[in-house]
Each structure stands twice: as C-alpha cells, then as structure tokens.
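Novice: could you work out the structure for the sequence below:
(one chain, ligands or ions: 1)
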Amino acid sequence: MNSFPKLFIPGPTHVPQSVMEALATPQIGHRTEEISNLIEYITKGIQKVLYTKNNIYLISHAATGLWEMGLRNSVDKGVLHCDNGAFSSKWGKVSQACGFKNKIIEYNWGKGVKVDDIDKELSTGEYNVLAMVHNETSTGTMSNLEDISNLLSSKYPDVIWLVDAVSSMAGVKVEVDKLGIDFMLSSTQKAWGLPAGFSICSVSDKISKKSESIKNKGYFLDLKVYEKYYNKFQTPSTPSIPHLFGLKHILDLIEDEGLDQRWKRHIEMKDYTMSWAKEKGQTFFAEEGCRSNTITCIKNIQNWNIDKIYNKLLEKGFRMDRGYGKLRGKAFRIAHMGNIFMEDLQEYLHEFEKAMNA
Ligand SMILES: Cc1ncc(COP(=O)(O)O)c(C=O)c1O
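Specialist: From the prediction side, this is the model:
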C-alpha cells in the first residue's frame, strides 16, 4: 500500500510535486514590500478567475470560519438558509450557534436549491441575508445561481447574498459581478488544488457597507479590519506564507491553461465520468440539471462492493471516496477537479474497473 495515495476524494484534492515545491519557497516578512507585491499579484489573479472587481481577502484558516464571517458582517433582521446537504446544513447550525434569527428551507439531499422557495420566504420581509451552498460537496449537487441572481436583482436588491463555493471556485465559471454575489467563499483544498487550512473570499461594497452598521462583530472576522490591511495588500495577522506562494503558482498554471479551457476541462471530466458510470448501469445521486462539474456522486444501484474496491484501489495507490456520512456505500463520489486532468481520471477509472473485477 502506498502511504501517500493519489487523492480522488472531494477534498483535500491531489497536489502535485511542482505545487508542493512552490509551497516550500523560503519565508518572507509579512509587513514588507515583497509580501504586498505577492498579495497584489494574487488578488488580481483571483479577481480574474472570479470575474470581479470586488475586494479579495486571503484568510489563513479553514472556510468554516468564513461561514461565520459572512453572517457576522451582514445579518441584522435575519438569515434565510437553503439546506440541501451536509455542508449547507452545518452553515445553518452556525447561524443558530451565533444566535441569528434564521429560517432554513430544507431539501432532500440531491435536490438543487429552488428559486421559488427563496422568493416565497424573502417576500415575508423577515430576512436581509440569503445563505446557500453553490456546490454541495456531500452529494455533488450544483444549484443554479443565475435564477437566484435574477430574483434578487429584480425583487430583493437589498438582500445580501452569501455563497459558499468551496468545491466549485476555480473549477466552475462563476461570474461574481454579473451575478451580484456579495460574499463568495472557498477554501484552497478543493478546485484550487492546494493544501487545506487557507481560504479566499470576494467581498462586495454592499456587504462592506452593511458591516459598518453592525455592532459586536468581534475583531477576528470583521471585514472592516481586513479592508484596512487590504488597502496595503497585507493581511491583519501573519498569513500562511506557504499558501500565498502556492496560490501564486496555481494562478500561473491557470493563466497558462486559460480560463475557458479550465472550465471546459472540468465539464469534459464530468461528462466522461458520467458516461463511464452510465455505461456500467449506475445512476446519479443529484437530480438532473444540478449535477456538479467538479464531483460526480454515483448512486450505487448496481450494489458494487465499495469497501472491496476501496481497499484494492488503495493497494494501487489511489484514495477513493466511499460516500459522505449516511450515504456511505449507497452513493460514492469521484472528484475531478483542480490538478486532476483527463489522463489522471482515465487512469483512475481504469484502475477502478480492475478493482471491481478483482
Ligand atoms: C461545501 C463546503 N463548504 C464548507 C466546507 C468546509 O471547508 P473547510 O474544511 O475548509 O472549513 C466544505 C468542506 O469540505 C465544503 O465542502
């Protein structure tokens, strides 16, 4: 068994040697011109990937903290959550733990978020914030952001829109400014293809203005504190400098590949995985029209012995996913994002078949 198998789980994802080497760049001071140049470079690169002029904050902790950051800087009346999987459900619990008035629209796992449900709840006027997960990692379900964007801009222009794009950012084209997303967050261990423990968010003027009027936000997650340092291309506290070098390297790789090609590559890998699964008589967990470009969640209607395949693949040097939480064995995920290219995926699926037939 390889003690460092190649990862096909939906995060952390595969980090190749060249990226590991970028992470090992010598340290630089965090209040120096070098770091400001580095952060400016990264910021501009991320703005390009997200099609936005919004501020980009680079945050040296996991994305879970950004759920709370989004809420603490925006909620006054209340927050409407859409819960269609494990992560969107946890975000709702964060609101409850923070004591915010909230309403949770609950969906069966595998269903996309529906615009009419959001409209119905926002029409009560009781919520000034909408929080949703774009790509539910637990089920490979990707919701349609365009319909929601149209609803918010036409009927609820004051509502602040928070979007968790943890497993879609940098793997799926999301045009932040065109859609009008106020706060979009991700961590680096999914489609960015870096180690975990670092996160990124884009922040609109609307949420920044709102944040000014909110009291008792604390310090660590206050967007206004980030803004002060952002103006110098620095971070409020000492950042994870290896992640910054890693991000710069990934942005250079993205630039070389080209954004359109990157989005196309992810769609092609999704199509390939789906055709492969269909050919084997399997179906998909996510409803049609909401199947993710970065993660395919296969409903195991053929009753494959997932533990056997898992162990065989591990012997060959690959880490597979066996299904999130209650789905274990019943539906499993294949992650095809970030540093995974078509050749990697084909090799994995070839080994997968051998493991099935062994
Ligand atoms: C959709 C989604 N949101 C949030 C998180 C939490 O991210 P982190 O582990 O970086 O806090 C995850 C982690 O897998 C996720 O998939």
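
Novice: how far away is the residue nearest to Thr25 when sequence neighbours are not counted from Gly78?
Specialist: Among residues not flanking Thr25 along the chain, Phe245 sits closest, at 4.1 Å (CB to CB, 6 or more residues apart in numbering). Where C-beta positions appear, they are placed from N, C-alpha and C, glycine not excepted. Per CB to CB, to the nearest Å, Phe245 is found 41 Å from Gly78.

Novice: what's the neighbour count on Phe318?
Specialist: Using other CB atoms under 10 Å, Phe318 is surrounded by 22 other residues.

Novice: and what of Glu279?
Specialist: 8.

Novice: what do you get for Val163?
Specialist: 29.

Novice: quick one, what contacts it?
Specialist: 132-134, 145, 174, 181, 183-185 (CB atoms under 8 Å, 6 or more residues apart in numbering).

Novice: and the residues you listed, which of them are in helices?
Specialist: When the contacts of Val163 are checked against helices (DSSP state H), the matches are Leu145.

Novice: and of the contacts of Val163, the nearest to the ligand?
Specialist: Using CB to the nearest ligand atom, Val133 comes nearest to the ligand of the contacts of Val163, at 5.0 Å.

Novice: was I right to think that closest one contacts Phe87?
Specialist: Yes: between Val133 and Phe87 there is a contact at 5.4 Å, judged by CB atoms under 8 Å.

Novice: residues shared between the contacts of the two?
Specialist: 164, 166.

Novice: neighbour count winner among the two?
Specialist: More crowded of Val133 and Phe87, by other CB under 10 Å: Val133, with 30 against 22.

Novice: okay, the contacts of Val163 in JSON lines with pLDDT and distance to Lys354 next?
Specialist: Formatted as JSON lines, the contacts of Val163 follow (pLDDT from 0 to 100; distance: CB to CB, whole Å):
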{"residue": "Met132", "pLDDT": "99", "distance to Lys354": "39"}
{"residue": "Val133", "pLDDT": "99", "distance to Lys354": "35"}
{"residue": "His134", "pLDDT": "98", "distance to Lys354": "34"}
{"residue": "Leu145", "pLDDT": "98", "distance to Lys354": "39"}
{"residue": "Val174", "pLDDT": "98", "distance to Lys354": "36"}
{"residue": "Ile181", "pLDDT": "99", "distance to Lys354": "43"}
{"residue": "Phe183", "pLDDT": "99", "distance to Lys354": "45"}
{"residue": "Met184", "pLDDT": "99", "distance to Lys354": "40"}
{"residue": "Leu185", "pLDDT": "98", "distance to Lys354": "39"}
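
Novice: filter the contacts of Val163 down to the ones near the ligand?
Specialist: When contact is defined as CB under 6 Å from any ligand atom, those meet the ligand at Val133.

Novice: and Phe245 and Gly78? Which one has more around it.
Specialist: Phe245 (22 against 17).

Novice: secondary structure element for the more buried one, which one?
Specialist: Assigned by DSSP states H and E, Phe245 belongs to helix 241-257.

Novice: name the helices or strands packed onto that helix?
Specialist: Other elements packing on helix 241-257 under the criterion 3 or more CB pairs under 8 Å, 6 or more residues apart in numbering; DSSP states H and E are helix 17-23, helix 33-50, strand 55-59.

Novice: buried residues in it?
Specialist: For helix 241-257, a neighbour-count test (16 or more other CB atoms under 10 Å) marks 241-251, 253-254 as buried.

Novice: for the chain, which segments are assigned as helices?
Specialist: In the chain, the segments counted as helices under DSSP H are 17-23, 33-50, 64-72, 86-98, 115-122, 145-155, 176-179, 205-213, 223-230, 241-257, 259-279, 306-315, 342-357.

Novice: tell me which of the ones you listed sits most buried.
Specialist: Greatest average neighbour count among these goes to helix 64-72 (a mean of 23), per mean count of other CB atoms under 10 Å.

Novice: and it, does that touch the ligand?
Specialist: Yes: Helix 64-72 reaches the ligand (CB under 6 Å from any ligand atom) through Thr64.

Novice: average pLDDT for that helix, rounded please.
Specialist: For helix 64-72, the per-residue pLDDT values average out at 98.

Novice: and stretch 192-199, by the same measure?
Specialist: 98.

Novice: would you mind measuring the gap between the ends of that stretch?
Specialist: By CA to CA, to the nearest Å, the extent of stretch 192-199 from end to end equals 10 Å.

Novice: picking up where we left off before, of all the helices and strands packed on helix 241-257, which one comes closest to the ligand?
Specialist: Among these, strand 55-59 sits nearest to the ligand (CB to the nearest ligand atom), with 10.0 Å.

Novice: so which elements touch that closest one?
Specialist: So strand 55-59, by 3+ CB pairs under 8 Å, 6+ apart, packs with helix 33-50, helix 64-72, strand 199-203, helix 223-230, helix 241-257.

Novice: now the last one: average pLDDT?
Specialist: Right, helix 241-257. What helix 241-257 shows for mean pLDDT is 98.

Novice: ok, residues contacting that helix?
Specialist: Identification of contacts with helix 241-257 by CB under 8 Å, 6+ apart yields 18-19, 22-25, 27-28, 30, 35, 38-39, 41-42, 45-46, 49, 58, 60, 170, 188, 192-195, 197-198, 262, 265.
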